[in-house]
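Here is a sequence together with a model predicted from it:
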2 protein chains.
Amino acid sequence: MKTVWEKVLKLGRDDPRRICHAFKVGLALTIVTIFYFMRPLYEGMGGNAMWAVITVAVVFEYTVGGTLSKGLNRAFGTLVAGSLGLGVHYIASLAGDKGEPIILGASIFLLASASTFSRFFPGIKAKYDYGVLIFMLTFSLVSVSSYREEKLFKLAQERVSTVAVGGSLCLIVSIVICPVWAGGDLHNSIVKNLQTLADSMEGCVEEYFNEEEEGDELKTKDTPGLQGYRTVLDSKAKEELLANLARWEPAHGRFRFLHPWKQYLKVGTATRACAYCVEALNAATNSEYKAPKALRQQLKEPCLKVSSLSSMVLRQLSMDIDSMNRPSSIEPLIDSANDAVMELYTALKSLPQAHPNFRTAHGDTVTGPALMDLLPLANVASILIEVLGRIDAIVSSVEELSVRATFENHMPANATAKSEHLANVNSDYGSQGPHVVVEIKGS
Amino acid sequence: MKTVWEKVLKLGRDDPRRICHAFKVGLALTIVTIFYFMRPLYEGMGGNAMWAVITVAVVFEYTVGGTLSKGLNRAFGTLVAGSLGLGVHYIASLAGDKGEPIILGASIFLLASASTFSRFFPGIKAKYDYGVLIFMLTFSLVSVSSYREEKLFKLAQERVSTVAVGGSLCLIVSIVICPVWAGGDLHNSIVKNLQTLADSMEGCVEEYFNEEEEGDELKTKDTPGLQGYRTVLDSKAKEELLANLARWEPAHGRFRFLHPWKQYLKVGTATRACAYCVEALNAATNSEYKAPKALRQQLKEPCLKVSSLSSMVLRQLSMDIDSMNRPSSIEPLIDSANDAVMELYTALKSLPQAHPNFRTAHGDTVTGPALMDLLPLANVASILIEVLGRIDAIVSSVEELSVRATFENHMPANATAKSEHLANVNSDYGSQGPHVVVEIKGS
């Protein structure tokens, strides 16, 4: 009992909007029930008033987009199926007493099969799955009721009006009381994933280079903060769902109607590609075969610089998306990161001479083990370089997003912050010369 | 119009069970409608017979597990909510005319809020989401109807019986006519992913080493077959869904009730970890910076051998799961793969001496560029070694699966096939001595 309560508290603390959502659903259902209690309305809506209750229970989703998508799907599915049911009923009634059930049965069979098959189309599955289901259901009900009860129009009309009442109530409650926007969630998820990735990468590299060497003992490092990239690896399904729901949402907050949600998915894909690299980086730094500490020290500075600048680019992108700024101000950071990669290359090239094993090698006897010591380290360095390549892909996808979503340009304020950032990096690792200095181009 | 038809054909050709499923839904709906047409049954079930139609439309899912899960959730949700609704109604009726609506409203508000919140628990979300929804819906309906129409028992009883009729019909059609088992699909998906991964890895390494060198021109290789691992990367959501549904399914074919479906998820996770590595391998082999062909030739043989043996292990695991054999017969293959890794190590170690740039180096002047040429190749080799490590994790998860699922041991027949396999590998790459010969241990 106590653990259940702890779980409830944890769920609520992780996202207080969940508690709010639960009360919203309770409220909407209670309101629709009170509606029902009032006799005049009850008479007006007929025995079908329960459709309003059902609609509220079924349509109310966590996000506004989800509620809208289900509500509209339900309304349109009901409307189209109702009209079609009437039409089929009219044709069937012309066929006489014997023909009628056959025509009705055949039309139900064919329409149900066709609708079910259409749900396999990815586009329909993503957007209209629920509408098709309701279409199938309502069509069957209307056809059957018509045959039985002959009060076709009334049934169709009642269902549509009750669905409309229930749906509107859901929408109003969903939007008025602390609304949860799928679009906003998608936006925040992308922002957070970039941040997480930056933290994981930087932490992983720092731990690798700052770690004390304890003999050959293998350290399994599972610091939770460094494992954050794992949530990024599996973010695809969630992001696609949110993007599908976000498309139904009206303009809200900083997002206009038809905000380029699909472009967020592209940023997400590029972020995941980068996360795969961070996964490889994590594997390489935790590998059994480790370069000796003395060797690691020689690449420490350039590696830390590349990772620090790469994380900075990711963080800046994250902040730019979050505040909806043009990421144009990111160019100097990327230039610095590319310079840092060149430095890393140079350091890598000069390694064999610097390493004592190589220095003592005379004639043909270049010692083997030195190379094997070198490889794990070189591996880490190559992955770092690859990471930067993938960050470039993220940058271009974010740039496209900023154009499509008409992000604003708030360059000057940020540039100052950034030069301070860079100054810190340079002082941390010792400035390597004028090429790391911020060049604020064309601003 | 033509393109729509082509899409329909493609969807059908990709998985003919989709067409079958569409007709099954059509059939079930038509049967339930005919049921309705028959006056005696109609009288027996009352105006609520439409619940049977609704149940069929809503409950019929693609997989047997999905149908069962929805049907049982719907039945139990209805039953529990019906009983609870009766109880609350009894208590409310004691409170007099003024207290009754307050008690009913409050209980609806509280129960709806609590149920909605409970849907955020991952365990409930995965298994009982639909049941909780139906519980909430039915409870509201029963409470409200009781207050209005005073024919509580009849309503509850009718709903349960019609839901039962609709649900059973769905189940019968779903199981009798070419059933789609979620468990079988999960099983096949795991089998196929292992196969895909083996193909991607082997193809990628082969292309890298057999590729003609065309100056420094960067070849972007997007052979579709080699990109198969990408579907593996994003397989998590689908596998978890299937495993959740599979748990509802009865014994079928080779799977008994409560087959260890969760263990399949562990195999899936290990497979994905390996797929991340193949992603890195793909990036490394397609990298801009490539080792010169002469250098690549020196590692060609051991690398191809590791990749070929690793793929063989994956394929053998895939076949073992598919035919539900104990993977104990895989040990010799793994031993060979480990030997191949040791050979690759030796080859890597001996590279500097063998490479002309290193050989001509006298005194302290070990030339830098040779190392930079070497690194991309060493990178590929390290990833290959890492791949084998992750395959080990797959092997142990499959072994655990084989124990839990009590796979049979059909060793002897397979062992022969395998020694032929191995003989081929050895002849392909030239046997390296007795350590690659199959050692059939303890069989």
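Arrived safely, thanks for sending. Please read all numbers here as calculations on a predicted model, not as lab measurements. Numbering: from 1, shown residues only, chains lettered A, B, ... in the order given.

Low-confidence ranges, the stretch 1-150 of chain A, go.
By pLDDT under 70, the low-scoring segments of the stretch 1-150 of chain A are A:37-48, A:145-150.

try it again with 90
Where the stretch 1-150 of chain A drops to pLDDT under 90, the residues are A:1-16, A:31-54, A:75, A:78-79, A:82-83, A:85-105, A:122-123, A:126-127, A:137-150.

Return the set of buried residues in the longest helix seen in chain A.
In chain A, assigned by DSSP state H, the helix with the most residues is helix A:368-404. Residues A:368, A:370-371, A:373-388, A:390-395, A:397-399, A:401-402 are the ones in helix A:368-404 that count as buried (16 or more other CB atoms under 10 Å in any protein chain shown). Backbone N, C-alpha and C define where each C-beta goes, glycine included.

Near chain B, list only the ones from these.
Restricting those to those near chain B by CB under 8 Å from any CB of the partner chain leaves A:368, A:371, A:374-376, A:378-379, A:382-383, A:386.

for the longest helix of chain A, the distance to its chain's centre please.
23 Å (CA atoms, centre = their mean, to the nearest Å).

quick check: angle from that helix to helix B:368-404?
80 degrees (axes from the mean of the first three to the mean of the last three CA atoms, to 10 degrees).

And the average pLDDT for helix A:368-404 is what?
Averaged across helix A:368-404, the pLDDT comes to 83.

measure stretch A:286-294 end to end?
By CA to CA, to the nearest Å, the extent of stretch A:286-294 from end to end equals 17 Å.

buried residues in it?
A:286-287, A:290-292.

cool, and stretch A:229-247?
Buried residues in stretch A:229-247, counted by 16+ other CB under 10 Å: A:229, A:231-236, A:239-247.

Out of these, name the ones that lie in helices.
Going by DSSP H, the helices hold A:229, A:231-233, A:236, A:239-246 from the buried residues of stretch A:229-247.

As TSV, those with pLDDT and distance to chain B would be great.
Conversion of those to TSV gives the following (pLDDT from 0 to 100; distance: CB to the nearest CB, whole Å):
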residue	pLDDT	distance to chain B
A:Tyr229	86	11
A:Thr231	88	12
A:Val232	89	12
A:Leu233	89	7
A:Lys236	90	5
A:Glu239	93	11
A:Glu240	92	9
A:Leu241	92	9
A:Leu242	93	13
A:Ala243	93	15
A:Asn244	91	14
A:Leu245	92	16
A:Ala246	91	19
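
Chain neighbours aside, what residue packs nearest to A:Ala114?
Closest residue to A:Ala114 apart from its sequence neighbours, by CB to CB, 6 or more residues apart in numbering or on different chains: B:Ala22 at 7.2 Å.

for A:Ser93, same thing?
For A:Ser93, ignoring the flanking residues on the chain, the nearest one in space by CB to CB, 6+ apart is A:Glu100 at 6.5 Å.

was I right about the one you found contacting A:Ala92?
Yes - using CB atoms under 8 Å, A:Glu100 makes contact with A:Ala92 at a distance of 4.6 Å.

between these two, who's got more neighbours?
Just comparing A:Glu100 and A:Ala92: by other CB atoms under 10 Å in any protein chain shown the higher neighbour count belongs to A:Ala92, 21 against 18.

Quick check: which element contains that one?
Using DSSP states H and E, the element containing A:Ala92 is helix A:64-94.

What segments of the stretch 101-250 of chain A are strands?
Using DSSP state E, counting those that start in this stretch, no strands are found in the stretch 101-250 of chain A.

so who does the nearest residue to A:Phe255 once chain neighbours are set aside touch?
Using CB to CB, 6+ apart and skipping residues adjacent in sequence, the residue nearest A:Phe255 is A:Gly183, 5.1 Å away. By CB atoms under 8 Å, 6 or more residues apart in numbering or on different chains, the contact list for A:Gly183 reads A:65, A:242, A:246, A:249, A:252, A:255, A:259, A:261.

Identify, from these, the entry nearest to chain B.
Taking CB to the nearest CB as the measure, chain B sits nearest to A:Leu242 out of these, at 13.4 Å.

From A:Arg18, how far out is the closest one?
Separation of A:Leu242 from A:Arg18 (CB to CB, to the nearest Å) stands at 16 Å.

again with A:Asn379
43 Å.

Alpha carbons of stretch A:85-103, as PDB, please.
The C-alpha coordinates for stretch A:85-103 follow below in PDB (Å, rounded to 0.1, in the frame of the first residue of the first chain):
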ATOM      1  CA  GLY A  85     -26.100   4.700 -44.000                       C
ATOM      2  CA  LEU A  86     -29.100   6.700 -45.000                       C
ATOM      3  CA  GLY A  87     -28.200   6.400 -48.600                       C
ATOM      4  CA  VAL A  88     -27.700   2.700 -48.500                       C
ATOM      5  CA  HIS A  89     -30.900   2.300 -46.500                       C
ATOM      6  CA  TYR A  90     -32.800   4.200 -49.300                       C
ATOM      7  CA  ILE A  91     -31.400   1.900 -52.000                       C
ATOM      8  CA  ALA A  92     -32.000  -1.200 -49.900                       C
ATOM      9  CA  SER A  93     -35.600  -0.200 -49.300                       C
ATOM     10  CA  LEU A  94     -36.200  -0.200 -53.100                       C
ATOM     11  CA  ALA A  95     -35.200  -3.800 -53.200                       C
ATOM     12  CA  GLY A  96     -38.200  -5.200 -51.400                       C
ATOM     13  CA  ASP A  97     -38.400  -7.300 -48.200                       C
ATOM     14  CA  LYS A  98     -36.200 -10.100 -49.400                       C
ATOM     15  CA  GLY A  99     -33.500  -8.000 -51.100                       C
ATOM     16  CA  GLU A 100     -33.200  -5.500 -48.200                       C
ATOM     17  CA  PRO A 101     -31.300  -7.600 -45.700                       C
ATOM     18  CA  ILE A 102     -29.100  -9.000 -48.400                       C
ATOM     19  CA  ILE A 103     -28.100  -5.500 -49.700                       C
END
